[in-house]
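Novice: coords please:
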Amino acid sequence: MPVRASALTGAAGEHYVAYKLSQMGCAAGLTRGGSPGVDLMVCNPETGAAVSIQVKTSDDAHTQRKRDNAEWWAWRFGQKTVLPPTDSRFYAFVSLHDQEGHDTPVVFIVPSAEVVKIIESREWSDGWVGIKGPDCDKWRGDKGWHQIIESLEMRKGEKEAS
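Specialist: The predicted structure follows:
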């Protein structure tokens, strides 16, 4: 099989995140290419409450550190990707393969304020951002997806109050 172009890897992650959110009853729309910091707009179709998502995708982001067997996931991350954190902005970090190498995407949904903390920690070299240890369980799978659903529900209350 030919090597996949990086643009196709990114598109696969964006479409996968849109698919999962649509499955959960959200309306998810991909933005046009080149939209700074926003790959998906997601809303609660009943209330119009919305959040934005920046998707970062890797073919295989998982690694086990040899010295302590710690679980790490890492993605390339440019500074232009970092926008001011808000309660309505999330990052979806997608690995198209799971830790066993199967074609099962693994997704971490991380609030924008947490991404800024990861970057400011300087634990990662420039151009990379990673998730490790206990944060893996906090943001992976259902726990991650439900952060978006909960945010849309909270934003529903904000819209009703205004």
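Novice: quick one: the helices in this structure?
Specialist: Ranges of helices within the chain are 6-23, 112-120, 134-139, 141-161, based on DSSP state H.
Novice: mind putting the ones you listed into TSV with mean neighbour count?
Specialist: All C-beta spots, glycine's among them, are computed from the backbone N, C-alpha and C. Formatted as TSV, these follow (neighbours: other C-beta atoms under 10 Å):
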stretch	mean neighbour count
helix 6-23	17
helix 112-120	16
helix 134-139	15
helix 141-161	15
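Novice: for S52, which of those helices is the nearest?
Specialist: Of all these, helix 112-120 sits nearest to S52, with 9.0 Å by C-beta to C-beta.
Novice: tell me the mean pLDDT for the closest one?
Specialist: Helix 112-120 shows a mean pLDDT of 88.
Novice: so which elements touch it?
Specialist: Applying 3 or more C-beta pairs under 8 Å, 6 or more residues apart in numbering; DSSP states H and E, one finds that helix 112-120 contacts strand 89-95, strand 128-132.
Novice: most tightly packed of these?
Specialist: Using mean count of other C-beta atoms under 10 Å, the stretch among the helices and strands packed on helix 112-120 with the largest mean neighbour count is strand 89-95, at a mean of 24.
Novice: still on that earlier bit, tabulate the helices and strands packed on helix 112-120 (TSV), appending mean pLDDT.
Specialist: Below are the helices and strands packed on helix 112-120 laid out as TSV (pLDDT from 0 to 100):
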stretch	mean pLDDT
strand 89-95	95
strand 128-132	84
